[in-house]
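> with the input below, show me the fold.
(one chain, ligands or ions: 1)
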Amino acid sequence: MSTNKLARGVALVGAGMSNFGAFKGKSSRDLFVEAFVEMLASVDKPFDPKMIEALYVGNYSSDLFEGQGHVAPIMASWVGLTPIPAVRVEDACASAGVALREGILAVASGLYDIVLVGGVEKMTDLATEKVTDTLATAADSQYEIPAGFTFPGFYAAMSTSYMAAYGATPEIFKKVGIKNHENGSKNEKAQFGAKISTLMEARKNSAAKKGLPIPEWKDELDFLNDDRANPIIAWPMRLYDCSPVSDGAAVVLLVSEELASKFSDHPIFVAGTGQASDGALHDREVLNSIPSARVAAQKAYEMAGITPKDVDFAEVHDCFTIAEIIATEDLGFFEKGQGWKAAEAGETSREGKKPINLSGGLKSKGHPVGASGVGQVVEVWKQLRGQAGDRQLPGKPRYGLTHNVGGTGQTCVVHIFERRD
Ligand code: COA
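Below is the predicted model:
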């Protein structure tokens, strides 16, 4: 009978990521190498990378983004790991989170002791229209795409459903964006690592330099309400409600629990993992919650033996600002319909009861889709080890959670990590 427990414990002993952004002239393999090199430097004790026994790589669509399929052996070769088994995992924007789960299961099974897990995506070689078409292949191409849906459109539909059910207004989405840009302004790896107020001032200065009328925005919300500064993409989702088109890579090193102290002075342990699937959005009873996230979270909490109250902070999949609010409810941090009120009250800010997306989230840090799930784990690794610099959460956080969604929730994978020292 299944116990929903790992057959043996698994620890994280290294983590690294490339900068996230738009990098002309760099391919996914260059970015993967950057992440790998940073991961090597993060391992506390000397180790020979040749000890790594297998590689799992999340990647959504290098085939369409870069004209390169079959990326896992390429990544293995570029970081000098061939001939180990190299496996590509594709589950849309949850590719890296699912790759991580596969890596965890491989170590927990006893098949391997030392596994590298990564995620990589290079999206910016294509024009936005082509990126939109490529992302749309993660939806239902028979029933949704012919109806005219794109990903901003899906999340717009989720937003209007949420607003109608719970009385939220578009203002709250803007506030989530302001909060995540504020967090991202402390993250040197973020694609849009600036506060909205800084971006607003830059726009004013640019107008002044060009001798154009200087816009008179009172504050950040006023700026975000201006259709020219913050155009509507799919109402009520505007530019600053959307994660950007990004390039980037992230990797983590997993080992069996008994080996952890040989690699690290402060390993981080996998306390729980949960994954679930669902049909496409058009076929769901509700649009303002992601059922697979609820199931995945429940499994992860059960395995960790904790409740949502015990989680000190979380990196959630805010591909659009509405997604963050829904995530905080699906993860059980707030009651259904209360997430927007909690965000309004500042409970998800750095200083709040449940800090969400201290890294800046997908919104500000960037969303190289096949890399994001492991990018989230890099932040949790840093926060739990007290190495997050200016954005470090005070005190000694014990539990950090990651929530990685594929598509509109056809896949969701949740991980809980624990600091034990
Ligand atoms: N947030 C904030 N600013 C952004 C941004 C974002 N998401 N995307 C682009 N910008 C800025 C650019 O820096 C640029 O600023 P500048 O004029 O000062 O140089 C300006 O907005 C226009 O950039 P551009 O790249 O031309 O934007 P675009 O219109 O081609 O793309 C979106 C904007 C929102 C359509 C695009 O980012 C997008 O499709 N995002 C969603 C991606 C997605 O669906 N991911 C999967 C989720 S499930």
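> the closest residue to I306 other than its chain neighbours: neighbour count?
In space, not counting the residues next to it along the chain, I306 is nearest to Y399; the distance is 6.4 Å by C-beta to C-beta, 6 or more residues apart in numbering. All C-beta spots, glycine's among them, are computed from the backbone N, C-alpha and C. Burial of Y399 is recorded as 19 neighbouring residues (other C-beta atoms under 10 Å).
> just checking, Y399 touches A271?
Yes. The criterion here is C-beta atoms under 8 Å, and Y399 meets it with A271 at 6.8 Å.
> and Q376, how far from the ligand?
According to C-beta to the nearest ligand atom, to the nearest Å, Q376 stands 14 Å off from the ligand.
> what helix or strand is E216 on?
E216 is part of no helix or strand when elements are defined by DSSP states H and E.
> distance of it from F223?
Going from E216 to F223 by C-beta to C-beta, to the nearest Å gives 10 Å.
> pick out whichever of these two has more residues nearby.
Taking other C-beta under 10 Å, E216 and F223 do not tie; F223 has more neighbours (22 against 7).
> ok, then the element right after the helix or strand hosting the more buried one?
In this assignment (DSSP H and E), F223 forms part of helix 220-224. Using DSSP H and E, the next helix or strand after helix 220-224 towards the C-terminus is strand 232-234.
> now that following strand: buried residues?
I233, A234 (16 or more other C-beta atoms under 10 Å).
> count the neighbours of the residue in the stretch 301-421 of the chain that the ligand sits nearest to for me.
Using C-beta to the nearest ligand atom, the single residue of the stretch 301-421 of the chain nearest to the ligand is C319, 3.6 Å away. The tally of other residues near C319 (other C-beta under 10 Å) stands at 26.
> same check on the one 4 residues further on?
Residue crowding around A323 was assessed by other C-beta under 10 Å; the count is 29.
> and if you look at the one 10 residues further on?
The criterion is other C-beta under 10 Å. On that basis, F333 has 23 neighbouring residues.
> use 652 as the first number for this chain going forward.
Got it, first residue is 652 now, which makes that one F984.
> pull the contacting residues for it.
Each residue near F984 by C-beta atoms under 8 Å, 6 or more residues apart in numbering is listed here: P959, V962, A965, G990, A993, K1005.
> G956 now?
So G956 contacts A922 (C-beta under 8 Å, 6+ apart).
> pLDDT score assigned to it?
Listed pLDDT for G956 reads 98.
> residues of the stretch 802-951 of the chain that sit close to the ligand?
F802, P803, F843, I884, L890, Y891, C893, S894, P895, V896 (C-beta under 6 Å from any ligand atom).
> can you report phi and psi for the residue nearest to the spatial centre of the chain?
Closest to where the C-alpha atoms of the chain average out (C-alpha atoms, centre = their mean) is S1023, at 4.1 Å. Torsion angles at S1023 (phi, psi; degrees, to the nearest 10) stand at phi -60, psi -40.
> who are the contact partners of it?
C744, A747, G748, G770, H968, L1013, N1055.
> so can I have TSV of those showing neighbour count, secondary structure and distance to the ligand?
TSV is the format used below for the contacts of S1023 (neighbours: other C-beta atoms under 10 Å; DSSP: H, G, I helix; E, B strand; the rest coil; distance: C-beta to the nearest ligand atom, whole Å):
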residue	neighbour count	secondary structure	distance to the ligand
C744	29	strand	5
A747	37	helix	13
G748	34	helix	13
G770	36	strand	14
H968	31	coil	8
L1013	33	helix	8
N1055	34	strand	11
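> returning to that earlier point: can I have the buried ones of the contacts of F984 as a PyMOL selection?
Applying 16+ other C-beta under 10 Å to the contacts of F984, the buried members can be selected in PyMOL as follows:
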select buried, resi 962+965+990+993+1005
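> quick one: which of the contacts of F984 sit in strands?
Counting by DSSP state E, the contacts of F984 place A965 in strands.
> near the residue lying closest to F971 once chain neighbours are set aside, how many other residues are there?
Leaving aside its sequence neighbours, F971 sits nearest to Y806 (C-beta to C-beta, 6+ apart; 3.8 Å). As a burial measure, Y806 scores 26 neighbours (other C-beta under 10 Å).
> correct me, but Y806 touches I976?
No. Contact between Y806 and I976 fails when scored by C-beta under 8 Å: they sit 11.0 Å apart.
> quick one: S848 and S1010, what's the gap?
19 Å.
> those two: who's more crowded?
S1010 (28 against 16).
> tell me which element the closest residue to the more buried one other than its chain neighbours falls in.
Take S1010 and drop its neighbours on the chain: the residue closest to it by C-beta to C-beta, 6+ apart is E1030, 4.0 Å away. Under the criterion of DSSP H and E, E1030 resides in helix 1023-1035.
> alpha carbons of the helix holding F874, in PDB - could you do that?
Provided in PDB are the C-alpha atoms of helix 871-875 (Å, rounded to 0.1, in the frame of the first residue of the first chain):
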ATOM      1  CA  GLU A 871       2.400  53.700  -9.000                       C
ATOM      2  CA  LEU A 872      -1.300  52.900  -9.200                       C
ATOM      3  CA  ASP A 873      -1.900  56.000 -11.200                       C
ATOM      4  CA  PHE A 874       0.900  54.900 -13.600                       C
ATOM      5  CA  LEU A 875      -0.500  51.400 -13.800                       C
END
